[in-house]
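In: make a model of this:
(one chain, ligands or ions: 1)
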Amino acid sequence: MAMPPYILRLSCTLLLADLALMLALAHFFPALAHLGWVGSWLEAGLRLLVLGGAGQLLAPRGPHGAAVLLSLGPAIFLTLRGYVGLPGAAPVLLAMATPSWLVLTHGTAVVALLTWSLLVPTVATGAKEAEAWVPLRRLLALAWPEWPFLGCAFLFLALAALGETSVPYCTGRALDVLRQGDGLAAFTAAVGLMCLASASSSLFAGCRGGLFTFIRFRFVLRTRDQLFSSLVYRDLAFFQKTTAAELASRLTTDVTLASNVLALNINVMLRNLGQVLGLCAFMLGLSPRLTMLALLEVPLAVTARKVYDTRHQVIAGMGWWGWGDRDGNSGNGMGTVGMGITGWGSWVQHSKDERMEKSGAGMEVGWRVLGHPMGADTHCPPQMLQRAVLDAAANTGAAVQESISSIEMVRVFNGEEEEEYRYSQVLDRTLRLRDQRDTERAIFLLIQRVLQLAVQALVLYCGHQQLREGTLTAGSLVAFILYQTKAGSCVQALAYSYGDLLSNAVAACKVFDYLDWERAVGAGGTYVPTRLRGHVTFHRVSFAYPTRPERLVLQDVTFELRPGEVTALAGLNGSGKSTCVALLERFYEPGAGEVLLDGVPLRDYEHRYLHRQVALVGQEPVLFSGSIRDNIAYGMEDCEEEEIIAAAKAAGALGFISALEQGFGTDVGERGGQLSAGQKQRIAIARALVRRPTVLILDEATSALDGDSDAMLQQWVRNGGDRTVLLITHQPRMLEKADRVVVLEHGTVAEMGTPAELRTRGGPYSRLLQH
Ligand SMILES: Nc1ncnc2c1ncn2[C@@H]1O[C@H](COP(=O)(O)OP(=O)(O)OP(=O)(O)O)[C@@H](O)[C@H]1O
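Out: A predicted model of the protein is given here:
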């Protein structure tokens, strides 16, 4: 296997810098050698400065840990050698050693670099780390309302750490008392102290855990609330670009992950840091020599964890097992969307390593997002393997949901076998991902354990020597080993929490991105005239949707809607009729030109006022779950029952509503699913009419109505006084009833006039009628 060029460059740079340093300081080294191990460490510090600087300047791409390893490695080795007391002479300084020592040092560094590059193909994690610390201040600010609870939680954290740290010490004391036969009273006191330390640490730990869980719960609720508030005020262009699943993921997964930073990661980090420091203090008191040896575990554990964490990210980025399209092609329907969970699924906390599994319940993933087939060129950002496993689990849930919710279509098109095959494929992918993750984890744990055991064996060897020398008692050695085991697991937890904190902080960044948006809805306009005529003018309007900015769907469109008239927009599918409606509702801003209401640009009107004056009944009426009454009075706080009844009557809905057992109180079901299409349309019309709008827009709003819809239309115009009505319809009968018709073709106005005029011209309108 060829050596990556950046490693070659870095290795050569470090070797040359090392040689240059040794030549330059050759005269000073004998004086340093007299200082013993202090001299070793002074040499190490000097080499660290020079090698680190040279590496940064001449080989900035390489992992900078190489300079640290090269400069500190020999000093650590020589110091440990002195502690363990191995036979044979060793040089004090690398500079004064035979050239073979230098070759061995640099050779080891090259091997370490190659191993690192194999295990972790991408090494640029620095930026991610720096970025991850940014949101901590914001998270603290968000959690600030909980400061009394936070204060108590941190107090209990400190007390619990103190209690946990003193338990091994008390155990060692009890053992020594037992060995020395100091009498029952002394033994009882020692055991009592041990029990007291254990009991109090358990109590404090319980209080700490309970308080942090409580704070986390409140934090999650408040953040979700704020995030949702910021979402509903976003402009529609945003929702065109962002999938519902992504937003749901932000609200559920990312907020939960962000809450972990404070309530879990910092909590665990501080707890373990406190314990490590306390344990080290006790260990130093027992035997400084053994403590230095035991501390060897820290860099080893941190490096192993870093390799594992980084590798997880890389693997998930490269070997993505996302949702495939229906032909079984592997695709990534999720991307940064994450799991696309729209339910409030519950996170289950497992052990530290098995941190998060998603419970299957409550997962609902939109098919549009999941099923969106993406080609191999789709950019897949690196994601943690764990996250990919969760995504796959969410995909499995989505597959079930999609098949079951479309079971009628499955039956009609005989698709049972295909659905079966598709589901088994998704399960297969999930299984493969899990296997990959579990194998990696098992190997990592094994390596971690071996490193731990190696350090413990070293400590036992030295401890045995100290016992023989009489500088350590058996009880102290037992206490030391207990401390070492505990300190080891604390260091592991510390390293784990740090990695987890970084990835959770990235999730928090995404949440803050969303929270930082300025309100789009309601921003700007303040114009609230006391009287509105409802004269609408499209003046040279051009427009392209934000998702396809290169394609103009309206070009230089000019027409007007007059008060007291029904103006019909006619045109083939895709000619731009609904786009005109979207601009009139201010879903988007025109790219060029203006939409004016009574001569004033729409953006100058106050948001609430405008949407009370301009009401829309859309192509696919959307009802919300709740009663018919709630749906008609939606968005109107001051709506009287009589107004609701009058609107329902005008929309021709009173008949069927009265026939229902609970009348206006009848629940319409999710998205109005318990009503027929025509009934939904009538309720949607009533919802528009109850506002007594000056401008009424009917976008294919009468297609499912039975009875004389053109008579009803005339009634809606007359009842509103001089109401302006914009009608979009494909029904020639309705077009003929309009006062004026504007014909659109490919986003431009082809012709306009009264239906009779246009018919006699024999132009686009006539062709449309024939079509
Ligand atoms: N959200 C969108 N993003 C990008 N392009 C869109 C979007 N909505 C519509 N379009 C495109 O804009 C063009 C005009 O669409 P529009 O819905 O205004 O047509 P329409 O005349 O109302 O058609 P129909 O009679 O079928 O309702 C179409 O080519 C359509 O593909």
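
In: return the residues of the stretch 101-250 of the chain in contact with the ligand.
Out: Gln240 (Cβ under 6 Å from any ligand atom). C-beta here means a position set from N, CA and C on the backbone, and glycine is covered the same way.

In: how close does the residue in the stretch 101-250 of the chain that the ligand sits nearest to get to Thr108?
Out: Scanning the stretch 101-250 of the chain for proximity to the ligand using Cβ to the nearest ligand atom identifies Gln240 as nearest, at 5.2 Å. Distance of Gln240 to Thr108, given as Cβ to Cβ, to the nearest Å: 56 Å.

In: count of neighbours near Glu246?
Out: Glu246 has 20 neighbours, counted by other Cβ atoms under 10 Å.

In: need the phi and psi values for whichever residue of the stretch 401-550 of the chain sits closest to the ligand.
Out: Relative to the ligand, the nearest point of the stretch 401-550 of the chain is Tyr545 (3.4 Å; Cβ to the nearest ligand atom). The phi/psi pair for Tyr545 (degrees, to the nearest 10) reads phi -70, psi 140.

In: now do the contacts for it.
Out: By Cβ atoms under 8 Å, 6 or more residues apart in numbering, the contact set of Tyr545 is Ala237, Gln240, Arg551, Val553, Thr579, Tyr588.

In: make JSON lines out of the residues you listed and add distance to Thr666, neighbour count and secondary structure.
Out: Shown next, in JSON lines, are the contacts of Tyr545 (distance: Cβ to Cβ, whole Å; neighbours: other Cβ atoms under 10 Å; DSSP: H, G, I helix; E, B strand; the rest coil):
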{"residue": "Ala237", "distance to Thr666": "36", "neighbour count": "15", "secondary structure": "helix"}
{"residue": "Gln240", "distance to Thr666": "34", "neighbour count": "14", "secondary structure": "helix"}
{"residue": "Arg551", "distance to Thr666": "44", "neighbour count": "9", "secondary structure": "coil"}
{"residue": "Val553", "distance to Thr666": "39", "neighbour count": "20", "secondary structure": "strand"}
{"residue": "Thr579", "distance to Thr666": "35", "neighbour count": "21", "secondary structure": "helix"}
{"residue": "Tyr588", "distance to Thr666": "35", "neighbour count": "17", "secondary structure": "coil"}
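
In: any stretches of the stretch 201-350 of the chain with poor pLDDT?
Out: Residue ranges of the stretch 201-350 of the chain with pLDDT under 70: 245, 310-350.

In: and the helices in it?
Out: 236-241, 244-249, 255-260, 267-286, 288-294, 297-318 (DSSP state H, counting those that start in this stretch).

In: which helices and strands does the second one pack with?
Out: For helix 244-249, the elements it packs on are helix 367-370, judged by 3 or more Cβ pairs under 8 Å, 6 or more residues apart in numbering; DSSP states H and E.

In: repeat that with 10 Å
Out: Applying 3 or more Cβ pairs under 10 Å, 6 or more residues apart in numbering; DSSP states H and E, one finds that helix 244-249 contacts helix 184-232, helix 367-370, helix 385-405, helix 474-515.

In: compute the inter-axis angle for the first one and helix 474-515.
Out: So that's helix 184-232. 10 degrees (axes from the mean of the first three to the mean of the last three Cα atoms, to 10 degrees).

In: now do helix 184-232: distance to the chain's middle.
Out: 27 Å (Cα atoms, centre = their mean, to the nearest Å).

In: redo the helices and strands packed on helix 244-249 as JSON lines? Include mean neighbour count.
Out: Listed next are those as JSON lines, based on neighbours: other Cβ atoms under 10 Å:
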{"stretch": "helix 184-232", "mean neighbour count": "16"}
{"stretch": "helix 367-370", "mean neighbour count": "19"}
{"stretch": "helix 385-405", "mean neighbour count": "21"}
{"stretch": "helix 474-515", "mean neighbour count": "21"}
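
In: compare these and say which comes out lowest on pLDDT.
Out: Note on the helices and strands packed on helix 244-249: helix 367-370 shows the lowest mean pLDDT, a mean of 32.

In: please look at Gly626 and Asp667 and confirm they touch.
Out: Yes - counting by Cβ atoms under 10 Å, Gly626 does reach Asp667; the two are 6.8 Å apart.

In: re earlier: to Glu594, which of the helices and strands packed on helix 244-249 lies closest?
Out: helix 184-232 (27.1 Å; Cβ to Cβ).

In: what's the angle from the closest one to helix 267-286?
Out: Helix 184-232 and helix 267-286 are oriented at 150 degrees to each other (the same axes, to 10 degrees).

In: got a list of contacts for whichever strand or helix holds Ile657?
Out: Per DSSP states H and E, Ile657 falls inside helix 654-659. Residues from elsewhere that reach helix 654-659 (Cβ atoms under 10 Å, 6 or more residues apart in numbering): 628-629, 632, 644-649, 651, 663-666, 675-676, 678-679, 682-683, 686.

In: beyond that helix, next helix or strand please.
Out: Using DSSP H and E, the helix or strand that follows helix 654-659 towards the C-terminus is helix 677-689.

In: list the buried residues of that next one.
Out: Neighbour-count burial for helix 677-689, counted by 16 or more other Cβ atoms under 10 Å, picks out Gly678, Gln679, Lys680, Gln681, Arg682, Ile683, Ala684, Ile685, Ala686, Arg687, Ala688, Leu689.

In: is it possible to get a markdown table of the residues you listed that adds pLDDT?
Out: Formatted as a markdown table, these follow (pLDDT from 0 to 100):
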| residue | pLDDT |
| --- | --- |
| Gly678 | 82 |
| Gln679 | 85 |
| Lys680 | 87 |
| Gln681 | 85 |
| Arg682 | 87 |
| Ile683 | 89 |
| Ala684 | 89 |
| Ile685 | 89 |
| Ala686 | 89 |
| Arg687 | 89 |
| Ala688 | 87 |
| Leu689 | 86 |
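
In: now render the residues you listed as TSV, adding distance to Glu420.
Out: Below are the buried residues of helix 677-689 laid out as TSV (distance: Cβ to Cβ, whole Å):
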residue	distance to Glu420
Gly678	37
Gln679	37
Lys680	34
Gln681	38
Arg682	41
Ile683	40
Ala684	39
Ile685	44
Ala686	45
Arg687	43
Ala688	45
Leu689	49
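
In: could you dump those residues into a markdown table and include distance to the ligand?
Out: Below are the buried residues of helix 677-689 laid out as a markdown table (distance: Cβ to the nearest ligand atom, whole Å):
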| residue | distance to the ligand |
| --- | --- |
| Gly678 | 19 |
| Gln679 | 22 |
| Lys680 | 18 |
| Gln681 | 16 |
| Arg682 | 21 |
| Ile683 | 21 |
| Ala684 | 16 |
| Ile685 | 18 |
| Ala686 | 23 |
| Arg687 | 21 |
| Ala688 | 18 |
| Leu689 | 23 |
